[in-house]
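[1] Return a 3D structure for these sequence lines:
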Amino acid sequence: MITLLSGDKAPDFKAKDQNGKTISLKDFKGRKVILYFYPEDDTPVCTVEACNFRDNFSLLKKKGYEIVGVSPNSVESHKKFEAKYKLPFTLLADEDKKIINAYGVWGLKKLYGREYMGIQRATFIIDENGKVEKIIGRALSKIATEQVLK
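    This is a model prediction of the structure:
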């Protein structure tokens, strides 16, 4: 359950990206970050969301945003996902769910009457000073960029 609020200091993180490079929130100091959490690489809804950010990448960059996707998939899985859909942004492998838990996006989900634990799709906009500017707790894949820019 998301417990962070707008204005809170964003929890720092450190994880490997799709190229095996260790990335941390500190690497983005002085820049705005779209930190979005998604359940799994190369699944229908997650792909729509990633491609929405990809298709609006130039616009988001012009507005000063860096895009970082986070899921519990491996570095290798992220590399395949990036290549298949030509994703021009960072994907972090959070296999131990440290970032996912720090941002409170791991929780109970329901699908077809079945309950299970999983990632709540959410997006955090982090300002240049490392503070949470906005939280989109119900991120909608088809309009992910619109939600960020609203």
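[2] Spell out for me which residue occupies the centre of this protein.
    The C-alpha lying nearest the average C-alpha coordinate of the chain belongs to residue 36 (Cα atoms, centre = their mean; 1.9 Å).
[3] My read is that that residue contacts residue 49, right?
    Yes. The pair residue 36 and residue 49 passes the contact test of Cβ atoms under 8 Å, sitting 7.1 Å apart. (Glycine included, C-beta is placed from N, CA and C.)
[4] Now for these two: what residues contact both?
    Common contacts of residue 36 and residue 49 (Cβ atoms under 8 Å, 6 or more residues apart in numbering): 121, 139, 144.
[5] Of those residues, just say which sits nearest to residue 31.
    For these, the minimum distance to residue 31 (Cβ to Cβ) is 18.9 Å, reached by residue 144.
[6] mind listing what the helix or strand bottoming out on mean pLDDT in the chain pairs with, with the direction of each?
    Using mean pLDDT, DSSP states H and E, the weakest-scoring helix or strand in the chain turns out to be strand 106-111, at a mean of 87. Strand 106-111 has the following sheet partners, assigned by DSSP bridges: strand 114-119 (antiparallel).
[7] Report the buried residues of the partner strand.
    Neighbour-count burial for strand 114-119, with 16 or more other Cβ atoms under 10 Å as criterion, is recorded at 118-119.
[8] Next: stretch 91-103.
    Using 16+ other Cβ under 10 Å as the test for burial, stretch 91-103 gives 91-94, 99-100, 103.
[9] Stretch 76-93 too?
    77-79, 81-82, 87, 89-93.
[10] got it, and stretch 136-150?
    Buried positions in stretch 136-150, judged by neighbour count with 16+ other Cβ under 10 Å: 136, 139, 141, 144-145, 147-148.
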